[in-house]
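Student: generate coordinates for the sequence data below:
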Amino acid sequence: MAISGVSDRTSYIGSTILNLRSQLNDLTTQLASGKVSTTYAGQGLDRGFALSLRAQLSSISAFSDTATNVNTRLSVANLALQGLSDSGAQVKNASTTATLTLNNNGQTSGQITAQAAFANAVAMLNSQSGDRYLFSGRATDTPATVSADTMLNGTATQAGLTQLINERKQADQGVNNMGHLTVSSPPATTTVTSVAEDGSAFGLKLLSVQSSLTGATVTQPTGTPKAASVDLGSVNPDNGDKVKFNFTLPDGTTEAIELTATTTNPPPSASFLIGANTAATTTNLQATLKSSIQTLSDTSLVAASAIAASNNFFNPVATISGSAVNNQNAPAAPISGATQLSGAAGTNSLATSFAAGDTITVNGTPITFVASGATGNQLNITDSVQTLMAKIDQITGTSNSSTISNGAVTLHGADSGNLSISSSNQAALASLGIANNTTATPAPLRVGGPPFNTATSLVAGTPDNTVSWYTGENGTDSARGTAVAQVDQSISVQYGARANEQAFRQLLQNVAVYAAVTTNASNPNAGAQVTALAQRVSANLAPQNGQQQIQDVQAQFAGAQTSIKSATDRQTQLKGMAQTMLDSIEGVNQDEVATKILALQTSLQASYQTTSMLYQTTLLKYLPIS
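Tutor: As a prediction, this is how the structure comes out:
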């Protein structure tokens with residue numbers, strides 16, 4: 001008969017042991033890893049939910065990393081903003097409290113303070129967080145500005161602010177420090193004092209004349225260029241009578257020269273001697289007025305000129321400079337502000353006339369010519385070149401009025417804006433010296449010279465001859481939008497900045513001009529020059545209504561940080577809940593696993609013992625003993 005081995009009968013016991021062993025291995029892995037399974041397949045029906053939770057946790061971690069990076073950048077930027085604000089306050093205080101004593105370089109202690117503050121301000125605008133420049137817009141790998149020294153002193157081939165200030169001073173003072181004004185009497189007239197501009201873009205501009213002079217006739221500023229007059233007539237003024245000439249300075253401020261008629265000889269300051277007749281009095285009035293204009297030109301005008309030069313340097317403007325052209329007079333002469341836009345041969349009109357229905361388009365806005373009754377963006381064909389330039393300035397919103405000199409028109413755009421001009425009548429536009437479809441991009445403005453004291457207009461500096469202080473990205477969109485970070489599924493924050501934003505530029509240019517100007521200590525008007533400059537710097541550094549302030553940028557950054565914190569707090573709570581749910585799916589109870597392991601070990605040990613006993617059983621144990 002056949003006898004079966006033990007292994008054939010007990011193979012099921014081995015299978016059971018292997019199964020127990022497999023269970024023990026799984027439990028041991030769970031105990032070591034704290035996870036139900038090392039694969040998603042082993043997680044059961046909730047494996048899909050677990051995948052979703054893990055994706056959510058990964059997204060939260062990514063948002064958290066972004067929030068950390070952006071918060072770091074914002075913290076660095078806020079330190080820079082606070083430093084800029086402190087520098088402005090420091091210079092403003094120095095401009096009002098510093099003594100007028102000039103050092104060997106012709107500067108006061110307040111100006112020395114401004115030099116240090118300017119260098120610090122430039123350094124702060126070039127702040128970095130990691131390898132990212134924070135005030136360069138989208139050009140994060142480029143410094144926001146050139147160095148402070150280059151800005152002030154230029155390079156071997158490029159003019160800096162200091163040079164532009166000196167050139168502008170010469171241009172504004174003009175010949176004999178008369179501020180581009182002439183004081184004279186008309187031919188064959190001995191009782192009229194005429195004050196006239198010369199049509200230059202520089203110097204003093206007539207605003208108004210006020211008089212209490214007995215018997216005098218005053219003509220207010222009018223014409224192109226403007227002129228005003230005071231006619232004493234046949235009656236001498238009384239002792240103590242006054243006449244006041246009001247002027248606009250290059251920086252937009254106003255100053256007045258008030259003169260008093262007196263019988264005291266020699267006359268006191270700001271007074272003119274009443275002569276034996278009105279002709280003699282007129283001569284004395286003119287002499288005193290000339291002297292007063294020269295004093296004003298060497299005091300407040302110097303300070304205003306420096307402010308204007310700094311504005312031209314820090315606020316690049318697009319400029320279109322036309323070529324010199326003649327009118328159709330007989331003989332022909334250079335066109336002027338009085339030249340008409342249309343007219344017959346032999347008149348002071350353009351060589352090619354504009355006609356009704358023609359248009360000139362400036363920055364996309366058309367100016368339409370009509371026969372008469374112009375309104376809005378319309379011009380009469382009989383209007384003058386000066387009227388056209390004023391209309392163009394109105395459209396562009398420029399702070400630098402367009403000019404015409406020696407037959408050449410110069411047009412300026414708004415600060416940091418492009419400028420374009422075209423016309424449906426190309427020949428008529430050419431008769432203004434401007435080619436059709438001419439465009440220009442912003443550039444720093446400087447005096448067209450040398451010589452500078454007889455210059456008549458501002459011209460655009462080029463990269464070859466003038467420093468461009470801002471080197472970052474120069475877009476027309478919001479500066480904040482140049483850096484955007486997603487800090488939550490539906491929340492993004494904007495934290496970009498450009499160093500040429502109004503708040504930073506305004507601070508920089510006023511600190512820079514105070515640091516750059518030097519004064520000749522031997523000049524009797526030195527104290528008045530420094531005082532006038534300090535007053536303007538102090539006023540300009542004060543908060544201006546309607547203008548961006550550094551505090552506005554700080555508030556925007558604070559808003560971004562608040563949004564980040566809110567998102568981070570919410571994500572922290574969400575992360576905790578998601579992790580708890582994930583742990584309930586993927587995790588195990590350590591005590592329960594340990595108990596199961598002990599039970600399996602006991603079962604496995606019993607199985608091993610039973611199996612061992614079975615495998616030790618032989619047929620001999622069942623045979624009878626002989």
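
Student: how many neighbouring residues does Q115 have?
Tutor: 19 (other C-beta atoms under 10 Å). All C-beta atoms are positioned from the backbone trio N, CA, C, and that covers glycine.

Student: from A148, how far off is it?
Tutor: 8 Å (C-beta to C-beta, to the nearest Å).

Student: for S321, same thing?
Tutor: In terms of C-beta to C-beta, S321 sits 31 Å off from A148.

Student: which of the two has more neighbours?
Tutor: A count of neighbours by other C-beta under 10 Å puts A148 above the other of S321 and A148, at 22 against 19.

Student: ok, the more buried one touching A116?
Tutor: No. Using C-beta atoms under 8 Å, A148 is not in contact with A116, being 9.8 Å away.

Student: now do the end-to-end distance for stretch 236-250.
Tutor: Counting by C-alpha to C-alpha, to the nearest Å, you get 35 Å between the two ends of stretch 236-250.

Student: what segments of the stretch 251-400 of the chain are strands?
Tutor: 254-262, 271-273, 317-321, 359-362, 365-370, 378-380 (DSSP state E, counting those that start in this stretch).

Student: out of those, nearest to N103?
Tutor: strand 254-262 (27.8 Å; C-beta to C-beta).

Student: burial count for the nearest residue in space to I307 that is not next to it in sequence?
Tutor: Take I307 and drop its neighbours on the chain: the residue closest to it by C-beta to C-beta, 6 or more residues apart in numbering is D251, 4.0 Å away. Residues near D251, counting by other C-beta under 10 Å, number 19.

Student: again with T396
Tutor: A count of nearby residues for T396, using other C-beta under 10 Å, gives 24.

Student: and if you look at T562?
Tutor: Other residues close to T562 by other C-beta under 10 Å number 11.

Student: could you do L249 as well?
Tutor: Count around L249 with other C-beta under 10 Å applied: 26.

Student: now it: how far from S310?
Tutor: On the measure of C-beta to C-beta, L249 and S310 end up 14 Å apart.

Student: if we go by neighbour counts, what in stretch 417-424 is buried?
Tutor: By neighbour count with 16 or more other C-beta atoms under 10 Å, stretch 417-424 contains the buried residues 417, 419-424.

Student: farthest pair within those?
Tutor: G417 and S424 (23.5 Å).

Student: spatially central residue in this protein, please.
Tutor: E501 (2.1 Å; C-alpha atoms, centre = their mean).

Student: report the contact partners of the spatially closest residue to it that is not a sequence neighbour.
Tutor: In this structure, E501 finds its nearest non-sequential neighbour in A479, 5.3 Å apart by C-beta to C-beta, 6+ apart. The contact partners of A479, taken as C-beta atoms under 8 Å, 6 or more residues apart in numbering, are 137, 496-498, 501.

Student: give me the number of residues near D149?
Tutor: Using other C-beta under 10 Å, D149 has 12 other residues around it.

Student: likewise Q561?
Tutor: Residues lying near Q561 (other C-beta under 10 Å) number 17.

Student: what's the closest non-adjacent residue to it?
Tutor: Using C-beta to C-beta, 6+ apart, the nearest residue to Q561 is L74, at 5.5 Å.

Student: my guess is that neighbour meets G559, correct?
Tutor: No. L74 is beyond contact range of G559, at 10.4 Å (criterion: C-beta under 8 Å).

Student: with neighbour numbers in mind, choose between these two.
Tutor: Between L74 and G559, counted using other C-beta under 10 Å, L74 has the larger neighbour count: 22 against 14.

Student: quick one: the more buried one from Q502, how far?
Tutor: Taking C-beta to C-beta as the criterion, L74 is separated from Q502 by 21 Å.

Student: thinking again about what came up before, L445 is nearest to which of the strands of the stretch 251-400 of the chain?
Tutor: Comparison of these against L445 by C-beta to C-beta identifies strand 317-321 as nearest, at 5.5 Å.

Student: what does the closest one contact?
Tutor: Residues from elsewhere that reach strand 317-321 (C-beta under 8 Å, 6+ apart): 398, 400, 408-419, 421, 434, 438-445, 457-460.

Student: tell me where the stretch 301-450 of the chain has helices.
Tutor: 385-396, 426-430 (DSSP state H, counting those that start in this stretch).

Student: meant to ask about the stretch 101-250 of the chain, not that
Tutor: Using DSSP H, counting those that start in this stretch, the helices assigned to the stretch 101-250 of the chain run over residues 109-125, 148-153, 161-173.

Student: quick one: the closest residue to T190 other than its chain neighbours and A261, what's the gap?
Tutor: Leaving aside its sequence neighbours, T190 sits nearest to A279 (C-beta to C-beta, 6+ apart; 3.9 Å). Distance of A279 to A261, given as C-beta to C-beta: 15 Å.

Student: what of S336?
Tutor: According to C-beta to C-beta, S336 and A261 sit 36 Å apart.

Student: the more surrounded of those two?
Tutor: Taking other C-beta under 10 Å, S336 and A261 do not tie; A261 has more neighbours (26 against 18).

Student: quick one, what contacts the more buried one?
Tutor: A261 neighbours (C-beta under 8 Å, 6+ apart): 213, 237-243, 271-272, 274, 281.

Student: before I go, just wanted to say thanks for your time.
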